[in-house]
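Asks: quick check, what structure comes out for this input:
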Amino acid sequence: MTDFGKDLIESLGEAVQYAKGKRAGLRTHAVEVPDVKSLRQSLGLTQQAFADAYHIPLATLKGWEMGRRQPDATAAAYLNVIASIPNEARKALT
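Replies: Alright, predicted model coming up:
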């Protein structure tokens, strides 16, 4: 068995332990999900302007704001970047 195979089996075992509530000693990664509507409003942007500025589909943004959907880990990390450095994030996309 390859190292990758061994790592994969170990990871699956850890996932089962986590699901059963046995979390001691396990590595977890949590990404804080900012309040998207508050973030957008703090920047003084409409939904359309925020979506355009940060290349987020308007329907996705609306879903987040209405609570129908939650940003995945990657989107949450991106939103945290926007919250921290909004001008730089916008400039990086132009």
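
Asks: what is the neighbour count of Asn80?
Replies: When neighbours are defined as other Cβ atoms under 10 Å, Asn80 has 17 of them. All C-beta atoms are positioned from the backbone trio N, CA, C, and that covers glycine.

Asks: what's the pLDDT at it?
Replies: We have a pLDDT of 96 for Asn80.

Asks: surely it meets Val31?
Replies: Yes: the criterion here is Cβ atoms under 8 Å, and Asn80 meets it with Val31 at 7.3 Å.

Asks: then the helix ranked longest in the chain to PDB, C-alphas only?
Replies: What stands out as the longest helix in the chain, according to DSSP state H, is helix 3-19. The C-alpha coordinates for helix 3-19 follow below in PDB (Å, rounded to 0.1, in the frame of the first residue of the first chain):
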ATOM      1  CA  ASP A   3       1.800   6.200   1.700                       C
ATOM      2  CA  PHE A   4      -1.200   8.000   0.200                       C
ATOM      3  CA  GLY A   5      -3.400   5.000   0.700                       C
ATOM      4  CA  LYS A   6      -2.300   4.700   4.300                       C
ATOM      5  CA  ASP A   7      -2.900   8.400   4.900                       C
ATOM      6  CA  LEU A   8      -6.300   8.100   3.300                       C
ATOM      7  CA  ILE A   9      -7.400   5.200   5.500                       C
ATOM      8  CA  GLU A  10      -6.100   7.000   8.600                       C
ATOM      9  CA  SER A  11      -8.100  10.100   7.600                       C
ATOM     10  CA  LEU A  12     -11.200   8.100   7.100                       C
ATOM     11  CA  GLY A  13     -10.800   6.600  10.500                       C
ATOM     12  CA  GLU A  14     -10.400  10.000  12.000                       C
ATOM     13  CA  ALA A  15     -13.600  11.200  10.200                       C
ATOM     14  CA  VAL A  16     -15.500   8.300  11.700                       C
ATOM     15  CA  GLN A  17     -14.100   9.100  15.200                       C
ATOM     16  CA  TYR A  18     -15.100  12.800  14.700                       C
ATOM     17  CA  ALA A  19     -18.600  11.800  13.600                       C
END
